[in-house]
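J.: sequence-free structure coming up:
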Ligand SMILES: [Zn+2]
């Protein structure tokens with residue numbers, strides 16, 4: 001456990017508890033500029049191969065494990081066990097760089113879980129993918145009531161973990177940080193502390209993609225890509241819009257999801273935006289009637305939709321971080337298909353072992369990256 005001397009809450013701004021039902025007055029717009037690309041480019045073929053690994057069963061498993069806790073309320077006695085579960089999951093995927101970012105808020109010692117997949121390049125601004133693992137009931141003060149939070153936000157954490165699984169053995173040139181926050185429902189406690197931690201360390205980000213409530217689609221089964229329009233800092237808006245276009249294009253190329261663009265609001269990207277970071281989000285925007293209630297359970301989620309959202313996340317991560325996006329020949333792309341993801345099997349050994357073959361291939365890719373464009 002951390003001591004009060006190595007964690008601090010001094011200087012952190014206060015946000016009210018978020019409510020996704022209260023939208024800012026920015027109209028939702030359908031994506032018009034996105035055109036389905038002709039398939040067959042080397043990078044898109046490679047990306048399709050990785051995206052095809054996304055497993056509905058793994059997503060269900062992840063949601064089931066998270067919703068099995070009576071509550072994931074940040075003030076509950078269970079919150080530490082939830083953080084431990086998320087850490088275990090990353091470790092079982094073969095990741096070793098797992099950092100538990102402890103912080104104090106309201107006299108509580110709390111944790112964010114940060115799993116870093118190292119990139120091969122020396123100049124490195126990580127791409128951060130995040131989701132909050134806490135849940136709540138109608139009454140935010142009730143830390144003991146049943147609060148399964150399947151859509152809000154086991155769905156986001158499930159997709160975070162599944163993206164981490166299918167990307168586990170890919171060689172990337174840029175770091176990817178998979179981050180699970182606590183304290184979102186109280187007003188972005190964990191994300192505020194972590195944004196401050198990065199800012200204080202002078203750590204820049206390539207961008208941040210937030211995953212919140214992506215299991216209950218609207219009727220048109222669209223995904224809302226949330227981007228930064230105004231808010232605290234003005235000069236990160238253009239880059240956010242560009243990032244949103246990349247997400248929309250990834251959706252067009254690798255999913256069946258129509259894209260709508262909406263504003264960022266009511267989730268963990270806000271404290272990062274306030275520090276100048278470039279942020280975007282995915283949100284189903286399905287007006288989930290089970291929001292913050294005991295009815296927010298696994299059975300109400302659309303797992304096929306979550307598969308598509310995970311593919312969108314994976315394709316976007318590869319677009320931003322893969323050397324294959326620029327460098328590789330047909331032969332080299334073909335060789336990447338020999339990579340193995342951690343195999344799937346149900347329950348206890350769901351994520352075990354990595355094929356030793358991938359180590360040799362990894363070495364080859366390192367050489368290609370070292371040789372440059
Ligand atoms: Zn949420």
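T.: Noted; the coordinates are in hand. Note that the structure is a prediction, hence the values are computed from the model and not measured.
J.: dump the residue contacts of the nearest residue to residue 182 once chain neighbours are set aside.
T.: Using CB to CB, 6 or more residues apart in numbering and skipping the chain neighbours, the partner closest in space to residue 182 is residue 190 (4.5 Å). No exception for glycine: its C-beta is placed from N, CA and C like everyone else's. Contact partners of residue 190, counting by CB atoms under 8 Å, 6 or more residues apart in numbering, are 101, 103, 110, 111, 112, 132, 134, 181, 182, 183, 184, 268.
J.: so after whichever strand or helix holds the fifth one, what's the next helix or strand?
T.: Counting by DSSP states H and E, the element that carries residue 112 is strand 108-117. As assigned by DSSP H and E, the chain's next helix or strand after strand 108-117 is strand 127-132.
J.: Sheet-wise, list the partners of that following strand with their directions.
T.: Here strand 127-132 has these sheet partners by DSSP bridges: strand 176-181 (parallel), strand 207-211 (parallel).
J.: residue boundaries of the strands in the stretch 251-373 of the chain?
T.: 259-263, 279-283 (DSSP state E, counting those that start in this stretch).
J.: Lowest mean pLDDT among the helices and strands of this protein, which one is it?
T.: In the chain, no helix or strand scores lower on mean pLDDT, DSSP states H and E than helix 330-336, which sits at a mean of 45.
J.: is the one helix or strand the residue nearest to residue 182 maps to up against the ion anywhere?
T.: Applying DSSP H and E as the criterion places residue 190 in helix 189-200. No: counting by CB under 5 Å from the ion, no contacts exist between helix 189-200 and the ion, the nearest distance being 11.1 Å.
J.: Contacts for stretch 240-259 next, please.
T.: Under CB under 8 Å, 6+ apart, the answer for stretch 240-259 is 30-31, 33-37, 39, 44, 47-48, 51, 207, 209, 220-228, 261, 264, 278-280, 282, 305, 308-309, 311-312, 314-316, 319-320.
J.: mind running it again at 7 Å?
T.: Here stretch 240-259 makes contact (CB atoms under 7 Å, 6 or more residues apart in numbering) with 31, 33-34, 36-37, 44, 47-48, 51, 207, 220-223, 225, 227-228, 261, 278-280, 308, 311-312, 315-316, 319.
J.: Is there a quick ChimeraX command that grabs whichever of these are buried?
T.: This is how ChimeraX selects the buried members of these, with burial counted by 16 or more other CB atoms under 10 Å:
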select :31,34,44,47,51,207,222,223,225,227,228,261,278,279,280,308,311,312,315,316,319
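J.: so of the contacts of stretch 240-259, which ones are in helices?
T.: 44, 47, 48, 51, 308, 311, 312, 315, 316, 319 (DSSP state H).
J.: Check residue 6 and give its pLDDT.
T.: pLDDT recorded at residue 6 is 41.
J.: ok, now residue 42?
T.: 75.
J.: okay, now it: neighbour count?
T.: Here the number of neighbours of residue 42 (other CB atoms under 10 Å) works out to 17.
J.: got the contact list for the closest residue to residue 124 other than its chain neighbours?
T.: The shortest distance from residue 124 to any non-neighbouring residue, by CB to CB, 6+ apart, is to residue 175 (5.2 Å). Applying CB under 7 Å, 6+ apart, we find residue 175 in contact with 116, 117, 118, 119, 124, 126.
J.: Which residue is the nearest non-sequential neighbour of the first one?
T.: Computed as CB to CB, 6+ apart, the closest residue to residue 116 that is not its neighbour in sequence is residue 97, at 4.2 Å.
J.: Now that the one you found has come up, it's in contact with residue 113, right?
T.: No: counting by CB atoms under 7 Å, residue 97 sits too far from residue 113 to count as a contact (11.7 Å).
J.: Which of the strands of the stretch 251-373 of the chain comes out lowest on mean pLDDT?
T.: Here these differ in mean pLDDT, and the lowest is strand 259-263 at a mean of 93.
J.: At the contact with the ion, which residues of the protein appear?
T.: 152, 153, 212.
J.: re the thing from before, which other residues reach the strand holding residue 112?
T.: So strand 108-117 is contacted by 1-2, 74-75, 79, 83, 86-87, 90, 95, 97-103, 164, 167, 172, 175-183, 189-190, 194 (CB under 7 Å, 6+ apart).
J.: Please pick the buried ones from these.
T.: Looks like these have 74-75, 79, 83, 86-87, 90, 95, 98, 101-103, 164, 167, 172, 175-183, 189-190, 194 buried, using 16+ other CB under 10 Å.
J.: What's the local residue count around the closest residue to residue 300 other than its chain neighbours?
T.: Excluding the flanking residues, the one nearest residue 300 by CB to CB, 6+ apart is residue 290, at 5.7 Å. Per other CB under 10 Å, the neighbour tally for residue 290 reads 17.
J.: Kindly provide the distance from residue 290 to residue 163.
T.: 24 Å (CB to CB, to the nearest Å).
J.: do the same with residue 113
T.: Taking CB to CB, one finds residue 113 at 15 Å from residue 163.
J.: just residue 111 next, same as before
T.: In terms of CB to CB, residue 111 sits 21 Å off from residue 163.
J.: burial of the closest residue to residue 233 other than its chain neighbours, as a residue count?
T.: With CB to CB, 6+ apart as the measure, residue 276 is the residue that lies nearest to residue 233, at 4.8 Å, once sequence neighbours are left out. By other CB under 10 Å, the residues close to residue 276 number 16.
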